[in-house]
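Chemist: Structure for the following, please:
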Amino acid sequence: MAMKVYGPAASTNVARVLVCLEEVGAEYEVVPVDMPSGEHKSSAHVARNPFGQIPAFQDGDLILTESRAISKYILRKGGSDLLRQSNLSESATVDVWLEVENAHFNSAMSPIIFQSFVVPSFLGGETDMKIIKENLEKLKTALEVYEARLSRLKYLAGDFVSLEDISHFPAAYYLLGGPHASVLYAFGSLSSWTSGA
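Modeler: A predicted model of the protein is given here:
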């Protein structure tokens, strides 16, 4: 039975899960959830994700929420080394940078993506530049820390690719494809990391 991922593939949180499924070669199905119509708040979806958010994930009788937890489950089940579980210190460093990604990178990126792409393209509204400017400043502060780390290491957790690197790329993809890409290009080591060099 194929695993199921509930939510639009264009969502950064859904994309994070899909990349991990692809990494391990899992059989899966993406079940669209129509966010503009409020389907994510429907009783059927809330039964899968009680917070009415995406993604929700199903593997047989197991239902999970929270994209980073789902990603870890998929990588563990698939035997991937992207969690570095065979090395306690490397695994802990991956966990630290997953927390950093969520608290410092994603928390700034989510409002930028929402205002730059979702509001004008899907909700028919006007971008709130005040929100974007505030979050670009938060993002720049975080990226200064990233730049210092990446000037010493090839990847955030060390000299190896891991889940925390992959976890950044769905949001970075939108940033690089939007009007505020220059914030990443202002940092040399960070630019090399986002380009996969």
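Chemist: shaky segments in the chain?
Modeler: Filtered on pLDDT under 70, the chain yields the residue ranges 194-197.
Chemist: Quick check: the gap between Arg84 and Tyr73.
Modeler: Remark: distance between Arg84 and Tyr73 (Cβ to Cβ, to the nearest Å) = 16 Å. For the C-beta atoms, the positions are set from N, CA and C on the backbone; glycine is no exception.
Chemist: and those two? which has more neighbours close in?
Modeler: Arg84 (22 against 18; other Cβ atoms under 10 Å).
Chemist: before we move on, which element is the more buried one in?
Modeler: Following DSSP states H and E, there is no helix or strand that holds Arg84.
Chemist: That one contacts Ser162, correct?
Modeler: Yes: if you go by Cβ atoms under 8 Å, Arg84 and Ser162 touch, sitting 5.7 Å apart.
Chemist: list residues touching both of the two?
Modeler: 90, 94 (Cβ atoms under 8 Å, 6 or more residues apart in numbering).
Chemist: Any buried residues in the biggest helix by length in the chain, and which?
Modeler: For the chain, the helix that runs over the most residues, judged by DSSP state H, is helix 129-150. For helix 129-150, the neighbour count (16 or more other Cβ atoms under 10 Å) marks 132, 135-136, 138-139, 142-143, 146-147, 149-150 as buried.
Chemist: biggest separation within these, which pair?
Modeler: Using Cβ to Cβ, the pair of the buried residues of helix 129-150 lying farthest apart is Ile132 and Arg149, separated by 25.4 Å.
Chemist: Now do the domain split for the chain, please.
Modeler: The record assigns the chain these domain ranges, following the TED database: 3-78, 88-195.
Chemist: quick one on the thing from earlier: let me have the buried residues of helix 129-150 in CSV, extended by distance to Phe105.
Modeler: Output for those, formatted as CSV (distance: Cβ to Cβ, whole Å):
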residue, distance to Phe105
Ile132, 16
Asn135, 11
Leu136, 12
Lys138, 10
Leu139, 7
Ala142, 6
Leu143, 8
Tyr146, 8
Glu147, 13
Arg149, 12
Leu150, 13
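Chemist: just those residues now: which is nearest Pro50?
Modeler: Of those, the one sitting nearest to Pro50 (Cβ to Cβ) turns out to be Asn135, at 27.6 Å.
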